[in-house]
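**Q** pasted the sequence and its predicted model underneath.
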Amino acid sequence: MTRFLLSAVLALVLAGVSVAGVVTMPFLGGFLLPRVIGILVPLGLLVWFWLHGRSHGPGWEHLTGVRYAHRGLHALPHAPENSLTAFRRAAEAGYGAELDVRLTADGRLAVVHDGELSRLCGRAGVVEAMTAEELARYRLCGTEEQIPFLEQVLEIFQDRAPLIVELKTSGNNYAALTKAAVSCLDQFRIDYCLESFDPRVLLWLRKNRPELLRGQLTQNFWKHPEGLHFFLRLALTDLLFNAAARPDFVSCRFEDRKGLALRLCRWMGIRPAYWTIRSARELRAAEAEGALAIFEQFDPKEEERT
């Protein structure tokens with residue numbers, strides 16, 4: 001965070017110098033070219049400090065050439081999202097998977113998207129306030145499937161396709177969640193990357209486990225505010241934390257990928273990942289742009305056979 005603040009201060013100073021140059025140059029008999037340079041150079045540095053990531057993170061080559069099933073290869077009524085059945089289907093089809101991880105009250109790693117369980121389980125409950133024993137009483141989407149734990153999913157994918165693991169924080173549990181997740185992942189032979197909407201997860205990884213691939217999740221929070229206040233919507237949409245978090249990749253909604261900040265990130269060499277791909281056409285477009293493609297609601301192999 002100190003690096004980010006220093007970078008921001010330097011960028012603001014440079015921007016101030018450029019503005020001062022524009023104001024004073026007419027009185028000093030300056031020429032147009034020095035004025036333009038005086039504006040563009042500080043602005044370029046500002047953008048670099050604002051967006052730059054780590055474009056040569058280790059192990060990216062192990063994640064490419066794979067298609068990732070969003071929350072497993074799920075399909076109701078028999079394979080709910082983030083269920084063991086959905087993950088087995090993905091692994092057996094040769095796909096990787098994207099999955100969501102939350103920390104329970106007793107320190108277990110639950111693989112579930114929603115923190116509040118009413119949508120998925122038809123009954124109220126907050127994952128972070130529940131123990132693993134309490135969570136085991138819940139069933140997914142009217143099936144007999146339980147909410148799995150991370151080690152169960154990793155057993156399915158060990159020595160198979162890689163995973164994209166999203167860490168979903170609650171309150172200030174980012175350090176405990178991230179530490180527990182990487183400790184669990186360390187026990188398995190599996191290629192993976194970690195991603196989160198919470199830049200504090202990336203900061204923790206940068207400080208404590210810099211060898212691991214880390215990604216910043218983003219979306220257009222002006223369209224999808226998620227209850228965030230103005231500054232966080234601005235910062236997360238326009239990736240203002242990149243200078244501190246230094247992500248290896250940025251993961252965004254497929255329809256948001258043409259946003260200015262995301263275009264600049266790709267231009268500067270930060271790798272992309274796109275979610276959620278829902279057609280063969282979108283899949284081809286994502287792969288043509290060199291992105292990790294996270295798909296849902298169709299099976300690419302079945303589409304290719306038809």
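**A** The structure has been received and is ready for your questions.
**Q** identify the residues contacting stretch 102-115?
**A** Residues from elsewhere that reach stretch 102-115 (C-beta atoms under 8 Å, 6 or more residues apart in numbering): 71, 81-82, 99-101, 120, 126-132, 135, 147-153, 168, 170, 173, 176-177, 180-181, 184. For the C-beta atoms, the positions are set from N, CA and C on the backbone; glycine is no exception.
**Q** ok, now with 6 Å
**A** 82, 99-101, 120, 126-127, 129-132, 135, 147-150, 153, 168, 170, 173, 177, 180-181, 184 (C-beta atoms under 6 Å, 6 or more residues apart in numbering).
**Q** same check, this time on stretch 182-193
**A** With contact meaning C-beta under 6 Å, 6+ apart, stretch 182-193 is reached by 62-63, 109, 150-151, 154, 157-159, 162-165, 209, 213, 215.
**Q** returning to that earlier point: inside helices: which ones of the contacts of stretch 102-115?
**A** In this view, these that belong to helices under DSSP state H are Leu120, Ala132, Leu135, Leu150, Val153, Leu177, Ala180, Ala181, Cys184.
**Q** by neighbours, which of those wins?
**A** Of all those, the highest neighbour tally under other C-beta atoms under 10 Å goes to Val153, namely 28 neighbours.
**Q** which residues touch Leu203?
**A** Ala245.
**Q** returning to what we had before: export the ones in helices among the contacts of stretch 102-115 to a markdown table and append columns for distance to Asn242.
**A** Shown next, in a markdown table, are those (distance: C-beta to C-beta, whole Å):
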| residue | distance to Asn242 |
| --- | --- |
| Leu120 | 32 |
| Ala132 | 35 |
| Leu135 | 34 |
| Leu150 | 27 |
| Val153 | 29 |
| Leu177 | 21 |
| Ala180 | 25 |
| Ala181 | 22 |
| Cys184 | 27 |
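**Q** any chance of these in CSV with pLDDT and distance to Phe298 as columns?
**A** Formatted as CSV, those follow (pLDDT from 0 to 100; distance: C-beta to C-beta, whole Å):
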residue, pLDDT, distance to Phe298
Leu120, 97, 21
Ala132, 98, 33
Leu135, 98, 30
Leu150, 98, 26
Val153, 98, 22
Leu177, 98, 31
Ala180, 98, 33
Ala181, 98, 29
Cys184, 98, 31
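**Q** re earlier: so how do I select the buried members of the contacts of stretch 182-193 in PyMOL?
**A** In PyMOL syntax, the buried subset of the contacts of stretch 182-193 is picked out as below (16 or more other C-beta atoms under 10 Å):
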select buried, resi 63+109+150+154+157+162+163+164+165+213+215
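**Q** poorly predicted segments of the chain, please.
**A** The model of the chain has pLDDT under 70 over residues 1-52, 55-56, 306.
**Q** Arg266 sits in which helix or strand?
**A** helix 260-267 (DSSP states H and E).
**Q** next structured bit after that helix?
**A** strand 271-277.
**Q** and the residue lying closest to Arg266 once chain neighbours are set aside, bridged to which residues?
**A** The shortest distance from Arg266 to any non-neighbouring residue, by C-beta to C-beta, 6 or more residues apart in numbering, is to Pro272 (5.8 Å). Taking DSSP bridges as the rule, Pro272 bridges to Val250.
**Q** count of residues packed around Pro272?
**A** Using other C-beta under 10 Å as the criterion, the residues surrounding Pro272 number 19.
**Q** likewise for Gly115?
**A** Neighbours of Gly115 (other C-beta under 10 Å): 16.
**Q** same check, this time on Arg263
**A** Per other C-beta under 10 Å, the neighbour tally for Arg263 reads 11.
**Q** returning to what we had before: wait, the residue nearest to Arg266 sits on Ala293?
**A** No: with contact defined as C-beta atoms under 6 Å, Pro272 and Ala293 do not form a contacting pair (9.8 Å).
**Q** now the closest residue to Glu304 other than its chain neighbours: how far from Phe295?
**A** Excluding the flanking residues, the one nearest Glu304 by C-beta to C-beta, 6+ apart is Ala280, at 7.5 Å. Ala280 sits 9 Å away from Phe295, taking C-beta to C-beta, to the nearest Å as the criterion.
**Q** more neighbours, the two?
**A** When Ala280 and Phe295 are compared for neighbours, Phe295 comes out ahead with 26 against 15, by other C-beta under 10 Å.
**Q** tell me the domain ranges of this structure?
**A** 2-51, 60-305 (automatic domain parsing).
**Q** please identify the most buried of those domains.
**A** Ranked by mean neighbour count, the domains of the chain are led by domain 60-305 with a mean of 18 (mean count of other C-beta atoms under 10 Å).
**Q** can you state the direction angle for the helix holding Arg266 and strand 271-277?
**A** 130 degrees (axes from the mean of the first three to the mean of the last three C-alpha atoms, to 10 degrees).
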